[in-house]
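**Q** Here's a sequence, model it:
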Amino acid sequence: MRLQSIFRLSLFAFVAIGFFSCNEKDDFTIETADTYMPLAVGKYITYRVDSMVFVNFGKDTEIRSYQIKHRVDAIITDAEGRPAYRIYRSLRDVAGLQPWQEVGSYTVTTLSDQIEVTENNLRFIKLHSPVRFGFSWKGNKYFPDNPYNAAYNFSNDDNIEDWEYSYDELSSFSYGGINYTDVQTVEQIDEAFNVPITSPTSYAAKSRGVERYSKNIGLIYREYELWEYQPNTGNPAGPYKTGFGITLWMIDHN
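**A** As a prediction, this is how the structure comes out:
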């Protein structure tokens, strides 16, 4: 009788463990990167862009605004011989009154564990599976040394291949009067020295990269800012800034 009771107790424990294990498995779902960058031929997203440029030999800052459309054109083969999507970019004025003008293309390669974007000869790992809070990866590990050196005389890109991308918590997001839900934020870099600039005789620099993706839609917001300020003390030309910055957010998609 005692042996039978022990058997029943063991059986109950086994069933209970199995039940809770199943429930725990059902609740713990891991999302993959392609959930936040769904691609298909014909899909497009239109963004409003504010581009920061330094003019007059770096003495003045201007914000130039326009619209840009990213449209999936075709499935092709990338430089590594893998299937990839070709994305065409088109520009028009910020009010959307002028016709679109194509301004180039880039490729997106969706792999089993990551999504790579190759643009202007730079290969980013934009998203990586599993998509969960705190997960990190080297998003710029394929970059060459000082990739922006040809265009900008600054040091912000000295260690750019070591940037640690990471996921923030899933949340909602609002920008430009538009509300988004199920947003996954990818933090890329957030470094600043002497910003805002309080003294014209002190060096300053800013490196900021963050992207936000909405589930089943794609990229909805991007902030990418790399610049430095040189006091240029003793030079009659005076202080100057060099670098760039862009902020874009989605205003339309299909």
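**Q** which stretches of the stretch 151-254 of the chain form strands?
**A** Assigned by DSSP state E, counting those that start in this stretch, the strands in the stretch 151-254 of the chain fall at 164-167, 171-175, 178-193, 204-214, 218-230, 240-253.
**Q** CSV for those strands, including mean pLDDT, distance to residue 61 and mean neighbour count?
**A** Backbone N, C-alpha and C define where each C-beta goes, glycine included. Converted to CSV, the strands of the stretch 151-254 of the chain look like this (pLDDT from 0 to 100; distance: least, C-beta to C-beta, whole Å; neighbours: other C-beta atoms under 10 Å):
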stretch, mean pLDDT, distance to residue 61, mean neighbour count
strand 164-167, 98, 28, 18
strand 171-175, 92, 21, 13
strand 178-193, 95, 16, 16
strand 204-214, 97, 12, 21
strand 218-230, 97, 9, 20
strand 240-253, 96, 7, 19
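**Q** Of all those, which one is nearest residue 38?
**A** In terms of C-beta to C-beta, the element of those nearest to residue 38 is strand 218-230, at 6.5 Å.
**Q** which outside residues touch stretch 106-118?
**A** Outside stretch 106-118, the residues within contact range by C-beta atoms under 8 Å, 6 or more residues apart in numbering are 33-34, 37, 39, 76, 78-80, 82-87, 89, 119-120, 123-129, 137.
**Q** Just the buried residues of the residues you listed.
**A** Using 16 or more other C-beta atoms under 10 Å as the burial test, the contacts of stretch 106-118 include 33-34, 37, 78, 84-87, 89, 123-129, 137 as buried.
**Q** any idea how the protein splits into domains?
**A** If you go by automatic domain parsing, the domain ranges for the chain are 1-30, 31-253.
**Q** List the strands paired with the longest strand along the chain, with their directions.
**A** Across the chain, the strand with the greatest residue count (assigned by DSSP state E) is strand 60-77. Its sheet considered, strand 60-77 pairs with strand 44-55 (antiparallel), strand 83-93 (antiparallel) by DSSP bridges.
**Q** Low-confidence regions, the stretch 1-150 of the chain specifically.
**A** 1-29 (pLDDT under 70).
**Q** so where do the strands sit in it?
**A** 44-55, 60-77, 83-93, 101-110, 114-119, 122-128, 136-138.
**Q** Other residues contacting the last one?
**A** The set of residues that contact strand 136-138 without belonging to it, under C-beta under 8 Å, 6+ apart, is 114, 125, 128, 161-167.
**Q** same thing with the second one?
**A** Counting by C-beta under 8 Å, 6+ apart, the neighbours of strand 60-77 from elsewhere in the structure are 39-55, 83-94, 96, 100, 105, 107, 241, 248, 251.
**Q** quick one: that strand to strand 240-253, angle?
**A** For strand 60-77 against strand 240-253, the angle by axes from the mean of the first three to the mean of the last three C-alpha atoms, to 10 degrees is 50 degrees.
**Q** Counting neighbours, what do you get for residue 71?
**A** Residues lying near residue 71 (other C-beta atoms under 10 Å) number 19.
**Q** ok, now how distant is it from residue 233?
**A** For residue 71, the distance to residue 233 equals 48 Å [C-beta to C-beta, to the nearest Å].
**Q** who's in contact with the residue nearest the centre of the chain?
**A** With distances taken as C-alpha atoms, centre = their mean, residue 211 lies nearest the centre of the chain, 3.5 Å away. If you count contacts by C-beta under 8 Å, 6+ apart, residue 211 has them with 126, 185-186, 188, 219, 221-223.
**Q** just these now: which is nearest residue 157?
**A** For the contacts of residue 211, the residue nearest residue 157 by C-beta to C-beta is residue 188; the value is 12.6 Å.
**Q** these two touch, right, the closest one and residue 163?
**A** Yes. Counting by C-beta atoms under 8 Å, residue 188 does reach residue 163; the two are 5.6 Å apart.
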